[in-house]
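>>> Okay, sequence plus prediction incoming.
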Amino acid sequence: MGSGDHRCEWREKAASLEAQLVTATAALDTAQKTISAQAQTIQQQGESLSKLSEQYASVQATVEKLQRHVFGKRSEKITPLATAIRDPARAEAERIAALQTRRENAEKKRQLVTRKIEHKVREDQKVCPKCGGHDFTKLGDGAITEMYELVPAIVERQLHVQEKLRCKCGETVITAGGPTKVFDKARAGPTFMAQVAVSKCADALPLHRQAKAYRRVGVQVNDSTLGDYFHRTAEITKPISDRLLDLIAEKEIVLADETSHRVQAKGKTRRSWLWSFIAKDEADREMIAYVFSPSRSSKTPDRVLEGTAGKLVADAYKGYDHVTLPGRRVRAGCLAHVRRKFFDAQSAAPDAAKHAMDFILEVYKIERAALDADLLGTPEHLEMRQTSSRAVMDEFKVWLDAELNRHPPKGPMGEAIGYALGQWDALTLFLTDPHLPIDNNASERALRVAALGRKNFLFVGTNEAGENLAGLYSLIATCEANGVNPVDYLADVLIRVQTHPASRIDELLPHSWSPPRPEPSV
């Protein structure tokens, strides 16, 4: 048998095993690639599922907001801060204060114009059921019943007769001075014009409704005439509203916010914006100014606060970023905005959201304690902030850092935590200044009147009309903030501002205004 015919059993087995190994290796490579591809697919599906979960949580939160906006109350349906921070130990003091307020209100009612109406006993009633006699005598001052009745407002037609005198020589004629008018050929007095402005700005009453009300009392006037009076009032008082805005911008602490408004355009309306700026003077009197602008860009706050330094209380809107650059104003945050973010996140993470709101509640309780102790703005108040409030905020920060990775970043809770951490320096600035408010609620309250007006008269006709509206909003809101009757105020300054020295314009500002002294009778 030749060597070529020799068969080795082991060699054949080795070759077979080698072939099997190659096949197994190829299969293993294929399996590994399949497993890797499946793992990658699972990972991608997991990421997609995570994104979908975040999107679902975000959409769910948006739907809940819209449901509250359309069908329910828009306010936060939890215990109001004012109730939550109330100290039970001061309940008796608050009860006494409320009783004193009721007494003061009752005294104000007694100061109203009083008309005494006497009711006489009829002759047929003067019969004694006991003796049948008719001889009765007066007993005391009688029984008194107090009632409050509305006397409808009247618009009187005044005829001012100017006396004319002629000298006996026949060469000279003297005519007495006529009534003071707001503008030449004006047929409406200053109080009438002031009432039109106040009804629209303070009571959100559209001009066509005012015209309808005037017609009910016999005054035939159309809304275009009232519109002319409204804009004349704004134009005449513009030096005062401009000065009010400049004065606010000069203050160390300014609060700012903005809301949308509509302006009439061809075939439609377009969005514009109404900004509020608030500050307090040295006597702690509040000043409120509004600015109208066609856009929400940073140009408006930059123009209003140009060349000023201090602190600006605002939300996280980027339109205020240019104002808060180094060398200008320092931004102070709003704890109420942060609290609202966590309130909206309750559906996604109820326990965590409540925990966050409890931290904020503790800060408000400390502020309420300072208010109750009459310490606001004092060194003692600053010490409370730097000790008690700082401890709460430090603990809040640690909790936020720990919770950050436990919630989807684009979910409601993740966004709330991100908002708070992104604003942390601004949110804690109040710890360094006892005069700095911890929220921007004053600005939001100031814009409520604009929101009500937007609902009632829907839009303004032009940008110029929006500027006039903002100017009158400023004067009337500052009047109401300082207990000044805006009708009396405007009726007075409409005349005085036209001849008042510009260097003394501050005397006509709402918070500095004093009613004119009555002219002595001749």
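Everything's here; your move. Residues are numbered from 1 along each chain as shown.

>>> burial measure for the residue lying closest to Val338 once chain neighbours are set aside, as a count.
In this structure, Val338 finds its nearest non-sequential neighbour in Ala420, 5.1 Å apart by CB to CB, 6 or more residues apart in numbering. Just so you know, the C-beta spots here come from the backbone N, C-alpha and C atoms, and that holds for glycine as well. Ala420: 24 surrounding residues under other CB atoms under 10 Å.

>>> tell me the secondary structure for Ala420?
Here Ala420 is recorded as helix under DSSP: H, G, I helix; E, B strand; the rest coil.

>>> Against Leu247, how distant is it?
Per CB to CB, to the nearest Å, Ala420 is found 34 Å from Leu247.

>>> picking that back up, list the contacts for the residue nearest to Val338?
Taking CB atoms under 8 Å, 6 or more residues apart in numbering, we find Ala420 in contact with 338, 341, 356, 400, 427.

>>> Kindly export the helix or strand that contains Leu99 (C-alpha atoms) in PDB.
For Leu99, the host element (DSSP states H and E) is helix 91-110. Presented in PDB, the C-alpha positions along helix 91-110 are these (Å, rounded to 0.1, in the frame of the first residue of the first chain):
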ATOM      1  CA  ALA A  91     -55.000  85.500  66.200                       C
ATOM      2  CA  GLU A  92     -56.300  87.800  69.000                       C
ATOM      3  CA  ALA A  93     -54.300  90.700  67.800                       C
ATOM      4  CA  GLU A  94     -55.600  90.200  64.200                       C
ATOM      5  CA  ARG A  95     -59.200  90.000  65.600                       C
ATOM      6  CA  ILE A  96     -58.700  93.300  67.400                       C
ATOM      7  CA  ALA A  97     -57.200  94.900  64.300                       C
ATOM      8  CA  ALA A  98     -60.200  93.600  62.200                       C
ATOM      9  CA  LEU A  99     -62.600  95.100  64.700                       C
ATOM     10  CA  GLN A 100     -60.800  98.400  64.600                       C
ATOM     11  CA  THR A 101     -61.000  98.400  60.800                       C
ATOM     12  CA  ARG A 102     -64.800  97.800  61.000                       C
ATOM     13  CA  ARG A 103     -65.100 100.700  63.400                       C
ATOM     14  CA  GLU A 104     -63.100 103.000  61.100                       C
ATOM     15  CA  ASN A 105     -65.300 102.000  58.100                       C
ATOM     16  CA  ALA A 106     -68.400 102.600  60.100                       C
ATOM     17  CA  GLU A 107     -67.100 106.100  61.000                       C
ATOM     18  CA  LYS A 108     -66.400 106.800  57.400                       C
ATOM     19  CA  LYS A 109     -70.000 105.900  56.600                       C
ATOM     20  CA  ARG A 110     -71.200 108.400  59.200                       C
END
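
>>> in it, what's buried?
Neighbour-count burial for helix 91-110, counted by 16 or more other CB atoms under 10 Å, picks out no residue.

>>> what mean pLDDT would you report for it?
Helix 91-110 shows a mean pLDDT of 75.

>>> same thing with stretch 26-33?
The model assigns stretch 26-33 a mean pLDDT of 85.

>>> name the helices or strands packed onto the longest helix anywhere in the chain?
For the chain, the helix with the greatest residue count under DSSP state H is helix 9-71. Contact analysis of helix 9-71 by 3 or more CB pairs under 8 Å, 6 or more residues apart in numbering; DSSP states H and E lists helix 335-344, helix 412-422 as its packing neighbours.

>>> Work out the gap between that helix and the centre of the chain.
52 Å (CA atoms, centre = their mean, to the nearest Å).

>>> Can you check what angle separates it from helix 412-422?
80 degrees (axes from the mean of the first three to the mean of the last three CA atoms, to 10 degrees).

>>> so where do the strands sit in the stretch 151-300 of the chain?
Using DSSP state E, counting those that start in this stretch, the strands found in the stretch 151-300 of the chain span residues 164-166, 173-175, 253-265, 268-280, 286-293.

>>> Of those strands, flag the one that's most buried.
Among those, strand 286-293 has the highest mean neighbour count (mean count of other CB atoms under 10 Å), at a mean of 25.

>>> what does the average pLDDT come to for that strand?
Strand 286-293 carries an average pLDDT of 97.

>>> contacting residues around that strand?
Strand 286-293 has contacts (CB under 8 Å, 6+ apart) with 241, 244-245, 247-248, 261, 272-281, 299-300, 304, 442, 446, 450, 463, 466-467, 469-471, 473-474, 477-478, 481-482, 509, 511.

>>> I'd like to know which of these are buried.
Neighbour counting with 16+ other CB under 10 Å marks 241, 244-245, 247-248, 261, 272-280, 300, 304, 442, 446, 450, 466-467, 469-471, 473-474, 477-478, 481-482, 509, 511 as buried within those.

>>> For Ala349, give me its contacts.
Ala349 neighbours (CB under 8 Å, 6+ apart): 407, 412-413.

>>> State the distance from it to Arg339.
Taking CB to CB, one finds Ala349 at 15 Å from Arg339.

>>> again, but for Ser276
Distance from Ser276 to Arg339, by CB to CB: 20 Å.

>>> What of Ala470?
Counting by CB to CB - Ala470 and Arg339 are separated by 29 Å.

>>> Same question for Thr259.
Note on Thr259: its distance to Arg339, by CB to CB, is 20 Å.

>>> do Ala204 as well
28 Å.

>>> what's the answer for Leu452, then?
24 Å.

>>> Also Leu421?
Using CB to CB, we find Leu421 at a distance of 15 Å from Arg339.

>>> With pLDDT and distance to Asp184 as added columns, please give the contacts of Ala420 in TSV.
Below are the contacts of Ala420 laid out as TSV (pLDDT from 0 to 100; distance: CB to CB, whole Å):
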residue	pLDDT	distance to Asp184
Val338	95	54
Lys341	93	55
Ala356	95	62
Leu400	96	64
Leu427	96	55
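
>>> TSV for those residues, including distance to Ala197?
Below are the contacts of Ala420 laid out as TSV (distance: CB to CB, whole Å):
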residue	distance to Ala197
Val338	37
Lys341	38
Ala356	44
Leu400	47
Leu427	39
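
>>> Export those residues as a markdown table, with columns for neighbour count and distance to Lys185.
Listed next are the contacts of Ala420 as a markdown table, based on neighbours: other CB atoms under 10 Å; distance: CB to CB, whole Å:
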| residue | neighbour count | distance to Lys185 |
| --- | --- | --- |
| Val338 | 25 | 56 |
| Lys341 | 20 | 56 |
| Ala356 | 26 | 63 |
| Leu400 | 17 | 65 |
| Leu427 | 27 | 56 |
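
>>> pLDDT weak spots in this structure?
Scanning the chain for pLDDT under 70 picks out the ranges 1-7, 54, 57-58, 60-61, 64-93, 518-522.

>>> let's see 50
Applying pLDDT under 50 to the chain flags residues 1, 521-522.

>>> which non-adjacent residue is nearest the residue most central in space within it?
Of all residues in the chain, the one closest to the mean position by CA atoms, centre = their mean is Glu444, 1.8 Å from it. Nearest non-adjacent residue to Glu444, counting by CB to CB, 6+ apart: Asp257, 6.1 Å away.
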